[in-house]
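*Asks:* Build the 3D model from these lines:
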Amino acid sequence: MDPTDAAELIGEVAEEKATQDADNRFRGRAALLIAVIAAVLAVGGLGGGNATDAMIINTIRASDTWAFFQAKNVRQTAYEIAIVEIEGDLSEPGLDPATRARLERTLAESRATIARYDSEPDPDAPNDPTAGEGKRQLSARARSYEAARDVAMARDDNFDWAEVLLQIALVLGSVAILAINRRILVLSAVLGALGALLTLNGFLLLVPLPI
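*Replies:* As a prediction, this is how the structure comes out:
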């Protein structure tokens, strides 16, 4: 074999080996990126599931509490109507003392009941505005459930968008390995990073989503 041909052959073999080594390094990095994206996706999926559960639970709690509030309001209105009638009876002349005493006692009891319906703090937690069975406490408790629901909805939106981006990043990462395409891998990494940021924001709610 001519020395020149031998040198060219050796050069081609060395170049092919270098290319293979570069491809193997590329595949290894791409596989690591895919593994990281998959891990973030799993964590985000757990967070999204918890956010959905919290959203449903707090929606039900808020609905039940408002229903209890409305029932209290109806009963309170009935007592207010009764008070008007009792006050009308008391204004009539010629009431005997026993009847007047009975009406005044009923009037006082009705007013006390109305006051209790309006505000009835929990004696075990008097400083907690959401603890108790009065309308004021029920309203505060229902609004706290609604606030918790809104927070869960905000978390769920972040996790949903993160899942979309991470799923696309996984697909692009797999394509990049098959095609040995660095541009596709870079795009996969960018989408994966955005998905990771949204996942983090789903837990911490540092930035509100513009959509």
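
*Asks:* got any ranges where this protein has weak pLDDT?
*Replies:* Within the chain, the ranges that satisfy pLDDT under 70 run 1-21.

*Asks:* secondary structure element for the residue nearest the centre of the chain?
*Replies:* Central residue of the chain (Cα atoms, centre = their mean): Ala152, 1.1 Å from the mean position. According to DSSP states H and E, Ala152 maps onto helix 135-179.

*Asks:* tell me the angle of the helix or strand following that helix relative to helix 135-179?
*Replies:* Per DSSP H and E, the first helix or strand lying C-terminal to helix 135-179 is helix 182-204. If you take axes from the mean of the first three to the mean of the last three Cα atoms, to 10 degrees, helix 182-204 sits at 160 degrees to helix 135-179.

*Asks:* so how far is helix 182-204 off the chain centroid?
*Replies:* 21 Å (Cα atoms, centre = their mean, to the nearest Å).

*Asks:* Could you do stretch 35-53 as well?
*Replies:* Worked out by Cα atoms, centre = their mean, stretch 35-53 lies 14 Å from the chain centre.

*Asks:* Can you dump the C-alpha atoms of it in PDB for me?
*Replies:* The C-alpha trace of stretch 35-53 is given here as PDB (Å, rounded to 0.1, in the frame of the first residue of the first chain):
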ATOM      1  CA  ALA A  35     -34.100  12.000  32.300                       C
ATOM      2  CA  VAL A  36     -34.100  15.400  34.100                       C
ATOM      3  CA  ILE A  37     -37.100  16.600  32.100                       C
ATOM      4  CA  ALA A  38     -38.900  13.400  32.900                       C
ATOM      5  CA  ALA A  39     -38.100  13.800  36.700                       C
ATOM      6  CA  VAL A  40     -39.500  17.400  36.600                       C
ATOM      7  CA  LEU A  41     -42.600  16.200  34.800                       C
ATOM      8  CA  ALA A  42     -43.200  13.600  37.500                       C
ATOM      9  CA  VAL A  43     -42.800  16.200  40.200                       C
ATOM     10  CA  GLY A  44     -45.100  18.600  38.400                       C
ATOM     11  CA  GLY A  45     -47.700  15.800  37.800                       C
ATOM     12  CA  LEU A  46     -47.800  15.200  41.600                       C
ATOM     13  CA  GLY A  47     -48.200  18.900  42.300                       C
ATOM     14  CA  GLY A  48     -50.900  19.300  39.600                       C
ATOM     15  CA  GLY A  49     -52.800  16.400  41.100                       C
ATOM     16  CA  ASN A  50     -52.600  17.900  44.600                       C
ATOM     17  CA  ALA A  51     -53.700  21.300  43.200                       C
ATOM     18  CA  THR A  52     -56.700  19.700  41.500                       C
ATOM     19  CA  ASP A  53     -57.700  17.900  44.600                       C
END
